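> Structure, please.
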Amino acid sequence: MRVSRVELFEQIRRDVRLDPSISLRALAAKYGVHRRTVRQAMASAVPPPRKSGQRQFRILDPATEWIDAMLRADLRAPRKQKHTVERIQKRLAEEHDFDLASYSTLRNYVRKRRPEIVAEDREGRQHLEGMVPQAHLPGEEAEVDFADVWVRVAGEVVKCHLFTLRLSHSGKAVHRVFASQAQESFLEGHAEAFRVLGGVPTKHIRYDNLKPAVRQVCTGRNRVESERWTTFRSHYGFDAFYCIPGEEGAHEKGGVEQEGGRFRRAHLVPVPDVPSLEELNSRIAMIDEAEDERILRGKLTSVGFNFRIEAEELAPLPTEDFECGITLTPKVDRTSRITVRQSHYSVPARFIGERVRVLLRGNELLVFERRNIVARHPRLTKRYGYRDVLDHYLEILLVKPGAMAGSTALAAARAEGSFTAIHEAFWAAALKAHGDAAGTRALIEVLLLHRRMPAEAVQAGMSAAIKAGSISPDVVAIEARKAESAARDPDPEEDGNDPPPWADIPGGQLLTLPTRRPELPEDNRPPPSVDVYDQLLTRHPKGSA
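Numbering: from 1, shown residues only. Prediction:
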């Protein structure tokens, strides 16, 4: 069976992991490759890029399914009435009009394929119903699964997915909630669990037929894995054990099947109400730590006590992290949006018509300009869903102020609370004072102040401008600077040294550093004489020099 370079690298790295003393020559001879390939596999789990060559067409490819069907029929045929190579060749010509393959080609294929089909049949036969108790050694095995869970995120109830990785010996489990079951979430869940546990199981991790890992389910336990999943396994150095499809396979990883439902009933009822999945996962991390005191049925010691023993047996983590997100380069359309996985996200208007670099992770989407993050959005899962940020459209709205009132970005800003009642009051006053177009432009110029000044300072400036009856962006800017300066240099007579409300805002820390005026020493010198200036003020008589 042919394997990809990713799978070849994973097998080489696994051999080195199990036997560090094995030589390059032995590995090269075992896999029939050059020693240079062995060195590349030991250096990195990702194969170096190579020139893409066109795959050679094998003459027997169109007929392999027909041949396999004949060999499978032989499994139930009488011992002396099975297909020979000559009979297969004749049936291919008569029934399928296929006569391109030579006798030797057919003979070599049948010689290799017949034992494989016999083995697959034996593996897939039914067995007696029942369960056999298992003993799991510390640090060897773990189980992974997803469970559905409903969460109220920013006021909207959405269906999310609870990732669970559970160590088989101690029962220590790591849980995280993701917006989807995409491969990025699957990999991030593993990486976070390995980080929390401080190591990787040494034997294998059990799975069912999860789409992020399995590209195709074959007979028995054989699977065709996705290459990115194989690279991830190779990077962290662990093997995958795939359970039998269906209900029977669920019993092979019953620990994690029960764990997902138990955790959901114990800690996610009623439906959690959180502003973001990031905050929910922070809460879940604290719950996982507290559950170390739990004692499992049939155990005499707690989960945390058993895990402290098991942690010493785990394989160490690799020195480098694995980037679980995928990089995309979508094009920004005329609406200043990009489309990723059939969902739409806004970006700053200056990128319209250009391609931007996007990093799609399990719960978020990042947009980059070189190394700088210019937009950050929570990941959307609904088809044709969208998320617009009002700040991304301000340059367009300066030219088209009439589009402000009905924009989706304004509706989103109102829903999330960033467009406050003070903004509404200033806009209403500006419309009354300057008219629709000019009043809206005045509001937009004030919104642009948020890019370089704290939100509380800008809101204080708008309040002061409204009270003064001068609806001008310049007045708002002046008053905002005053509020910012007052927060930076508070009155020494006032009690308390609490930082301003925006001290936790990124970029606002530098604005809160107190600056005290130095105290000058007392000046005891006599005042200067003004006699000379008195002579200039004296009125001289006429004719005097």
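> Ala93 is in contact with Asp99, isn't it?
Yes. Under the criterion of Cβ atoms under 8 Å, Ala93 makes contact with Asp99 at 4.5 Å. Any C-beta I mention is one placed from the backbone N, CA and C, and that applies to glycine too.
> in the stretch 251-400 of the chain, which spans are strands?
Ranges of strands in the stretch 251-400 of the chain, per DSSP state E, counting those that start in this stretch, are 273-274, 326-328, 337-340, 343-346, 357-360, 364-369, 372-378, 386-387.
> can you list contacts of the helix or strand where Ile444 lies?
Per DSSP states H and E, Ile444 falls inside helix 436-449. Applying Cβ atoms under 8 Å, 6 or more residues apart in numbering, the contact partners of helix 436-449 are 390-391, 394, 397-398, 401-402, 404-405, 423, 426-427, 430-434, 458, 461-462, 471-473, 476-477, 480.
> Export the strands of the stretch 251-400 of the chain as CSV, with columns for mean neighbour count, mean pLDDT and distance to Ala77.
Putting the strands of the stretch 251-400 of the chain into CSV (neighbours: other Cβ atoms under 10 Å; pLDDT from 0 to 100; distance: least, Cβ to Cβ, whole Å) gives the following:
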stretch, mean neighbour count, mean pLDDT, distance to Ala77
strand 273-274, 14, 93, 62
strand 326-328, 14, 92, 49
strand 337-340, 19, 95, 54
strand 343-346, 22, 96, 54
strand 357-360, 17, 94, 52
strand 364-369, 18, 94, 57
strand 372-378, 14, 94, 59
strand 386-387, 18, 93, 60
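> Report the contact partners of Thr335.
Shown in contact with Thr335 (Cβ under 8 Å, 6+ apart): Ser346.
> Begin at 849, not 1, for the rest of this chat.
Sure, I'll start numbering at 849, so the last one becomes Thr1183.
> Checking Gln982 next. Helix, strand or coil?
Assigned by DSSP: H, G, I helix; E, B strand; the rest coil, the conformation of Gln982 is coil.
> Let me know the pLDDT of it.
If you check Gln982, the pLDDT there is 71.
> Roughly how far does it sit from Leu1162?
19 Å (Cβ to Cβ, to the nearest Å).
> now Ala1328
Counting by Cβ to Cβ, the gap between Ala1328 and Leu1162 amounts to 54 Å.
> Looking at those two, which is more packed in?
Comparing Ala1328 with Leu1162 by other Cβ atoms under 10 Å, the one with more neighbours is Ala1328, at 26 against 20.
> Count residues in the vicinity of the closest residue to that one other than its chain neighbours, would you?
In this structure, Ala1328 finds its nearest non-sequential neighbour in Gly1309, 3.2 Å apart by Cβ to Cβ, 6 or more residues apart in numbering. By the criterion of other Cβ under 10 Å, Gly1309 has 26 neighbours.
> doesn't Val1324 make contact with Gly1309?
Yes. Gly1309 is in contact with Val1324 according to Cβ under 8 Å; the separation is 4.2 Å.
> Show the secondary-structure elements that the lengthiest helix in the chain is packed against.
When the chain is parsed with DSSP state H, its longest helix is helix 951-971. Contact partners of helix 951-971 among helices and strands, from 3 or more Cβ pairs under 8 Å, 6 or more residues apart in numbering; DSSP states H and E: helix 912-921, helix 933-943.
> Format these as a markdown table; extra columns: mean neighbour count, distance to Gly1108 and mean pLDDT.
Rendered in a markdown table, the data for these read as follows (neighbours: other Cβ atoms under 10 Å; distance: least, Cβ to Cβ, whole Å; pLDDT from 0 to 100):
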| stretch | mean neighbour count | distance to Gly1108 | mean pLDDT |
| --- | --- | --- | --- |
| helix 912-921 | 14 | 37 | 90 |
| helix 933-943 | 15 | 49 | 91 |
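> For Arg1299, which of the ones you listed is the nearest?
The closest of the helices and strands packed on helix 951-971 to Arg1299 is helix 912-921. By Cβ to Cβ, the value is 62.0 Å.
> how about the CA coordinates for that closest one, as PDB?
Coordinates of each C-alpha in helix 912-921 appear next as PDB, following Å, rounded to 0.1, in the frame of the first residue of the first chain:
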ATOM      1  CA  THR A 912      -9.300  -2.800  -9.700                       C
ATOM      2  CA  GLU A 913     -12.800  -2.500  -8.400                       C
ATOM      3  CA  TRP A 914     -14.000  -5.300 -10.700                       C
ATOM      4  CA  ILE A 915     -11.100  -7.500  -9.700                       C
ATOM      5  CA  ASP A 916     -11.700  -6.900  -6.000                       C
ATOM      6  CA  ALA A 917     -15.400  -7.800  -6.500                       C
ATOM      7  CA  MET A 918     -14.400 -11.100  -8.000                       C
ATOM      8  CA  LEU A 919     -11.900 -11.900  -5.200                       C
ATOM      9  CA  ARG A 920     -14.500 -11.000  -2.500                       C
ATOM     10  CA  ALA A 921     -17.000 -13.400  -4.200                       C
END
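> among the strands of the stretch 1099-1248 of the chain, which is nearest Lys878?
With Cβ to Cβ, the closest approach to Lys878 among the strands of the stretch 1099-1248 of the chain belongs to strand 1174-1176: 33.1 Å.
> What strands flank the closest one, and is each parallel or antiparallel?
strand 1205-1208 (antiparallel) (DSSP bridges).
> which outside residues touch the partner strand?
Contact with strand 1205-1208 is made by 1032, 1173-1178, 1186, 1188-1189, 1213-1216, 1227, as judged by Cβ under 8 Å, 6+ apart.
> who's in contact with Trp1031?
To be clear, residue 1031 is Gln; Trp isn't right here. So Gln1031 contacts Pro1060, Ala1061, Ser1074, Arg1076, Trp1077, Ile1174 (Cβ under 8 Å, 6+ apart).
> just how off-centre is stretch 1108-1121 within its chain?
Stretch 1108-1121 sits 23 Å away from the centroid of its parent chain (Cα atoms, centre = their mean, to the nearest Å).
> cool, stretch 1105-1116 as well?
Between the centre of stretch 1105-1116 and the centre of its chain there are 23 Å (Cα atoms, centre = their mean).
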